[in-house]
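> Here you go, sequence then predicted model.
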Amino acid sequence: MYAGLIPIITKDVGQAKILEENGLNELILKNNKPKTIVEKILEIDNKSLAWKRKISRKCREIASRYTKEKQMKKFRDAFIRLIELL
């Protein structure tokens, strides 16, 4: 997503919640059967270029919130809070 790629994921992965929270439910598959995946790829491929650009920008923006550095800082801050409770 950070590269602007449009993800297609199943409802059973952690990122599904992130996409749902950002209104990208249509990128979440109910199952991972090959036929379902192919149908979703073709559906997205047939969308307008403007739609794809909009979704791509949104995906990059979402991904920018989850960089390695930001995630490490969140973990460190949570760890420090945990230690302070002990």
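Ah, there it is.

> Now the element after whatever helix or strand residue 17 lives in, going C-ward?
According to DSSP states H and E, residue 17 maps onto helix 15-21. Downstream of helix 15-21, the next assigned helix or strand under DSSP H and E is strand 28-29.

> Report the distance from that next one to the chain centre.
Between the centre of strand 28-29 and the centre of its chain there are 11 Å (CA atoms, centre = their mean, to the nearest Å).

> quick one on the thing from earlier: now do the helix holding residue 17: which elements does it pack against?
In terms of contacts (3 or more CB pairs under 8 Å, 6 or more residues apart in numbering; DSSP states H and E), helix 15-21 is packed against strand 9-10, strand 28-29. Glycine gets a C-beta too; all of them are placed from N, C-alpha and C.

> okay if I get the ones you listed as a markdown table plus mean pLDDT, distance to residue 38 and mean neighbour count?
Putting the helices and strands packed on helix 15-21 into a markdown table (pLDDT from 0 to 100; distance: least, CB to CB, whole Å; neighbours: other CB atoms under 10 Å) gives the following:
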| stretch | mean pLDDT | distance to residue 38 | mean neighbour count |
| --- | --- | --- | --- |
| strand 9-10 | 94 | 14 | 16 |
| strand 28-29 | 96 | 11 | 18 |
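
> which stretches of this protein aren't confidently modelled?
Of all residues in the chain, none has pLDDT under 70.

> would residue 70 count as being in a strand?
No - if the criterion is DSSP: H, G, I helix; E, B strand; the rest coil, then residue 70 is helix and not within a strand.

> how close does it get to residue 18?
13 Å (CB to CB, to the nearest Å).

> Comparing those two, which residue is more hemmed in?
Shown here are residue 70 and residue 18; by other CB atoms under 10 Å, residue 18 has more neighbours (17 against 11).

> wait, the more buried one sits on residue 62?
Yes - assessed by CB atoms under 8 Å, residue 18 is found in contact with residue 62 at 6.5 Å.
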